[in-house]
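Trainee: what follows is a predicted structure for the sequence shown.
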Amino acid sequence: MENGNEPAVGHSNLRQRVSDQVIKLRASFTPRAITAKSHEETIQALFDLGGVISGGAAVALIYNKPIKDVDFYFNNEQAYLEALALTHNNPKFDICWYFDQPYELHDIGIVMCSVHRNHTVITEDAQSAMNTKVSRLFIGNIVFPDRTAKRLLKYNKRYGIKFKKPEVLAFAALYRLDADLVKQLIEISV
Amino acid sequence: MDSEDIIKKIARLLDEDLGDADRFGNVIDTPSQVLSQVFYPHNRARRNLPSWDINQPIEAALAEIDRLVPTIDPDGMEISPEVVEGAKEIVRRQYGEWQRAGGWTF
């Protein structure tokens, strides 16, 4: 624990195990009273369970863009499990867990917002990114650097969002990103 | 199967028995704690622990900035000295946060 190198030991195994186990759980879970639903009906059902849309889908909704893949966030165990059951065979939905706020672990300022059934929450970081078209990057929240890098490119293409060069360069150095990818990221940074 | 059963099943799948301590010394005895184990990557970020992909001393991360800059910006048109220093400051600050959070010695 005190050894700074320890977090790396066996991490890929654990990550794979967790992923495999959740897949197994989903496969073995028998949904109760759940029938085939349209995309819109599923979204409504997840809202009914108390779910909240956050991340890229929330930004798309705020910008009035079509949403494809939706991350629904829950902090109630029973609702979370019901939502898993509802969507276990639907690749368009990811059911996520949160503790305090659905956007608490997001790594890009623009997506730090959430769409609830009856209202929308836009944090200062998201509002600032929408106003200035420059988004913060929260390095401490990055878990999968390749996915983060792809999202930076995606949000630039879709919404014209740029990023801050010092943050991008620090991100690249910390996670040893490929130089060609860093070039692309620097090009969309100010 | 109710939610408690499912959560216990997740715990068994994770080889983490309820009542045992996780690798951080926290006793796992509530469904929320089991779920937090299932969502281990996110939980790491929440605890402000370094990502699994970070396994280098701070000096190496700072040196990587110096190595990257001439590679990605050979003409020096895109990345100013201020940007380089800003990036290094962010790296120092992030390592500092991780060290304060977990006692890490990179």
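Mentor: Nice, I can see it. Residues are numbered from 1 along each chain as shown, chains lettered A, B, ... in the order given.
Trainee: contacting residues around the nearest residue to residue B:89 once chain neighbours are set aside?
Mentor: Nearest non-adjacent residue to residue B:89, counting by C-beta to C-beta, 6 or more residues apart in numbering or on different chains: residue A:166, 7.5 Å away. Glycine gets a C-beta too; all of them are placed from N, C-alpha and C. Contact analysis of residue A:166 by C-beta atoms under 8 Å, 6 or more residues apart in numbering or on different chains lists B:83, B:86, B:87, B:89, B:90.
Trainee: any stretches of the chain with poor pLDDT?
Mentor: Since you didn't name a chain, this refers to chain A. Within chain A, the ranges that satisfy pLDDT under 70 run A:1-36, A:88-89.
Trainee: ah, I was thinking of chain B
Mentor: B:1-49, B:51-53, B:102-106.
Trainee: now it against chain A: closest residue?
Mentor: residue B:86 (3.2 Å; C-beta to the nearest C-beta).
Trainee: can I get the contacts of residue A:166 in CSV with distance to residue A:61 and secondary structure?
Mentor: Below are the contacts of residue A:166 laid out as CSV (distance: C-beta to C-beta, whole Å; DSSP: H, G, I helix; E, B strand; the rest coil):
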residue, distance to residue A:61, secondary structure
B:83, 34, helix
B:86, 33, helix
B:87, 33, helix
B:89, 36, helix
B:90, 31, helix
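Trainee: now the residue nearest the centre of chain A: how far from residue A:103?
Mentor: In chain A, the residue lying closest to the centroid (C-alpha atoms, centre = their mean) is residue A:55, at 4.8 Å. According to C-beta to C-beta, to the nearest Å, residue A:55 stands 7 Å off from residue A:103.
Trainee: residues shared between the contacts of these two?
Mentor: residue A:111.
Trainee: can you give me the helices in chain A?
Mentor: Secondary structure of chain A by DSSP state H: the helices cover A:11-28, A:39-48, A:56-62, A:77-87, A:124-132, A:145-159, A:165-175, A:179-187.
Trainee: pull out the buried positions in stretch A:160-179.
Mentor: Within stretch A:160-179, the residues scored as buried using 16 or more other C-beta atoms under 10 Å in any protein chain shown are A:161-177.
Trainee: I meant to write stretch A:183-190 there.
Mentor: A:184, A:185, A:186, A:188, A:189.
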